[in-house]
Each structure stands twice: as structure tokens, then as C-alpha cells.
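A.B. asks: have a look; sequence and predicted model below, questions after that.
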Amino acid sequence: MENRKEMRKWLDDMNLGHPLVIAGPCSAETEEQVLKIAHELKDTDVNYFRSGIWKPRTRPGNFEGVGAIGLKWLQKVKEETGLKTATEVANKAHVDLALEHDIDLLWIGARSTVSPFIVQEIADALKGTDKIVLVKNPVNPDLSLWLGAVERLYSADIEKLGVIHRGFSTYEKTKYRNIPEWQLAIELQTKFPDLPIINDPSHITGKRDMIFDVSQTALDLNFDGLIIETHYDPDNAWSDAAQQVTPKTLIQIMKDLRIRKETDEEAEYNNKLSNLRAQIDVLDNQLIDLLGKRMKVSDGIGELKKQKNVAVLQSNRWNAILGNMILEGEQRGLSEEFVLRMFKAIHQESINHQEKIINA
């Protein structure tokens, strides 16, 4: 898929003056709930009112959405507030019903994106539509799979396209519900700068008190907008209660977010600098995380050496590591001096960990 400027024309034509904002409850629960939230978001920076009508859940037995009746509630939202509407679709039947009820924006969820069969079914049902279609990243960090879904939609003559970055599943425990893997989104932006990218801090964090920080990072990385789950009574929401914010909180978040303006050469410089620094911040955090994981492995080696009464320092192993890393570093533009200093420091920290365990 080559860069296509028409893919972002729908966004440029909106002339928002601020990032695109899609907000509303995780799930449509009742007509009253939907309309109450929509009216609280009216006359704010929210551009699309979102609500889950069909809720694909990890395990059966949980609330799986009100179904087609919720589409009528979204119609009322548009009639009463003027807000455009958005919902997730997962198959042809969903698409047909959403189009029948004139939903303005449709997105394909992470569980659907992983299946080319499902994406193709949706693409065929939407062929030639002028609706906006966004594709959430697949559950696993697979850029080719993500872009493959976009390609299928583009091949179906759907030009108003974009993607949603909602983070990726991991078996490891982290502070995120879904780890951002920012470098993957950065790579996507680099390869396809004309493809609008929206951040979903709700699903990345899983916690409402982290929404602002992740949103700010996304804007620092030049994301085009945000999709944030919003409920007037989050703690009693029927799904994803912990990650939803109140309309009042959302409005404050939007006021507090720092949005860069490109008005002159100095502003353009600051914008580019902020973007690069944001990328460095992401990578630095990943480096610290990797080093922490490396030291945990060192702890395991220390335990094993203690059991077998083996010396901490293994000179042959250490020299082999240094030689390999110097060669690897040269291929990546890193000087031998830098690689030596860095790995000597890492090695010393590893020795410190192992000695602490052995001498305990």
C-alpha cells in the first residue's frame, strides 16, 4: 500500500484546529444513559459520539451489548445533539445495520483485525462507502497484519480510512492493560504519513488515572486524535468500568493537553524537536525495562551458581559477549568505545546482582 493523500482528506477537510476526539461509553446500556452522556458532550471538542452496540468479550457470560436497538439510540443522539456517531462492527450483519441507521464512523476491533477473513467480509460489505472506517491494531504487535487490514479496505474503494492504536496484549504484568509498543506506531507513521492514526488511551491503560499521560504522549508523537471511553457513572458501567472517565474529566483532559501549533519556522522546529524527544522518551523507557528484565535473568544465574558453587565471573563468556556486541554495535553506527563502556556497566551491575545472591 503506497501513501495515498486521499486517505487523510476526510480529516483535513474537517479543519478542526485540534486533534480529532471520539468519546462516549464503552457500551450502550440504556437509551437514557446514551442520551445523557451525549448531551454532556454536546458543545465540547468531541467530534464523534462512540458507543459499543455489539461487545465482543474475551469470555462468554459477560455483557455483550444491547444489539441493534442501540443503533436507534445513536440516531437519537445525532438528532438531539448534532454529534456524529461511531460504533464497532465485527461482521457483515453489523455493517448492514450500521449503514441502515446512518452511523457516520465505523471501526474494526482488535479481535477482528487479526482475521483476514473477517476483514474481507467487512470490506466487501462496505465496498465503495463514503463512511469513515478505522482499523484497530491487532491484539499482537504485528504491523503487517494491521496494514493488511487497511489494504483490504482500500482495495474495496473505501478511501476515508484511518487506524486506531489501542495497545497490544502481553502475558507479562505491566502497568498497562495493553502495552503501547509506541515504536510500532512510530514505524507505521514513518511508512504511511498520510494514514490518520488515532490513539485509544482507554484500552492501553485500563485505568482512568493514566488516560491523560498516554494521551499526551500520543499527541507528542503527532497522533491525529483520541478515542476515550466516557461515562457519567464510570464505577457502575456495565463494561470496562475502571478505564472510563466522566464527561467533566474528559473536558478537563482536553483543556490540559498540550497541543503544538505550527504557525512559523520556530513553531515547526519546536514541533519536530518535541516529536523526536517523545520518541527518545519512549525508547529510553523501553531500555530501562529491558535492563530490568536482563537483571532478573542475572538473578536466576546467580541462584544457579550458588547451588553449584560456581564462580561469578566467567571470563571466556564475558569476552565472547563483548566481541559480539562490538560487531553488532558497529552495524548500527555505535562506536566501539561506547559499546565497551555500556556493556562494562551492564556487566558490573550483573555481577553485583549475582554476588548479592551468592553471599546472602
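C.D. replies: Okay, I see it. Numbers count the residues shown, from 1 in each chain.
A.B. asks: got the phi/psi numbers for the residue sitting furthest away from the middle of the chain?
C.D. replies: For the chain, the residue at maximal distance from the C-alpha centroid (C-alpha atoms, centre = their mean) is Asn309, at 46.9 Å. Asn309 adopts backbone torsions of phi 60, psi 50, taken as degrees, to the nearest 10.
A.B. asks: from the contact counts, what lies against the lengthiest helix in the chain?
C.D. replies: When the chain is parsed with DSSP state H, its longest helix is helix 265-308. When contacts are defined as 3 or more C-beta pairs under 8 Å, 6 or more residues apart in numbering; DSSP states H and E, helix 265-308 sits against helix 182-191, helix 211-220, helix 336-358. In short, each C-beta sits where N, CA and C put it, glycine included.
A.B. asks: for whichever helix or strand comes after the second one, which strands pair with it and how are they oriented?
C.D. replies: Following the chain from helix 211-220 toward its C-terminal end, the next helix or strand by DSSP states H and E is strand 225-229. Sheet neighbours of strand 225-229, with direction, are listed as strand 20-24 (parallel), strand 197-199 (parallel) (DSSP bridges).
A.B. asks: picking up where we left off before, can you check the pLDDT for the residue farthest from the centre of the chain?
C.D. replies: You'll see Asn309 listed with a pLDDT of 90.
A.B. asks: before we move on, what about the one 10 residues further on?
C.D. replies: pLDDT, Asn319: 89.
A.B. asks: that one: neighbour count?
C.D. replies: Asn319: 10 surrounding residues under other C-beta atoms under 10 Å.
A.B. asks: then Asp130?
C.D. replies: Neighbours of Asp130 (other C-beta under 10 Å): 10.
A.B. asks: next one: the one 10 residues further on
C.D. replies: Taking other C-beta under 10 Å as the neighbour definition, Asn140 ends up with a count of 13.
A.B. asks: so it makes contact with Phe168?
C.D. replies: Yes: between Asn140 and Phe168 a contact is recorded at 6.1 Å, counting by C-beta atoms under 8 Å.
A.B. asks: mind checking the pLDDT average for stretch 48-66?
C.D. replies: Confidence for stretch 48-66, expressed as mean pLDDT, is 82.
A.B. asks: can I get that stretch in CSV, CA atoms only?
C.D. replies: C-alpha atoms of stretch 48-66 as CSV (Å, rounded to 0.1, in the frame of the first residue of the first chain):
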residue,chain,number,x,y,z
TYR,A,48,-17.9,11.8,17.2
PHE,A,49,-20.0,10.1,19.9
ARG,A,50,-18.9,6.5,20.3
SER,A,51,-20.8,3.6,21.9
GLY,A,52,-20.4,-0.1,21.7
ILE,A,53,-23.5,-1.8,20.4
TRP,A,54,-22.1,-5.3,20.0
LYS,A,55,-19.4,-6.1,22.5
PRO,A,56,-17.0,-9.0,21.6
ARG,A,57,-15.9,-10.2,25.1
THR,A,58,-13.0,-12.5,25.9
ARG,A,59,-15.2,-15.0,27.7
PRO,A,60,-18.9,-15.7,27.3
GLY,A,61,-21.3,-14.8,30.0
ASN,A,62,-20.3,-11.1,30.3
PHE,A,63,-22.4,-8.3,28.9
GLU,A,64,-22.1,-8.5,25.1
GLY,A,65,-24.1,-5.4,24.1
VAL,A,66,-27.7,-4.4,23.6
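A.B. asks: right, I'll leave it there.
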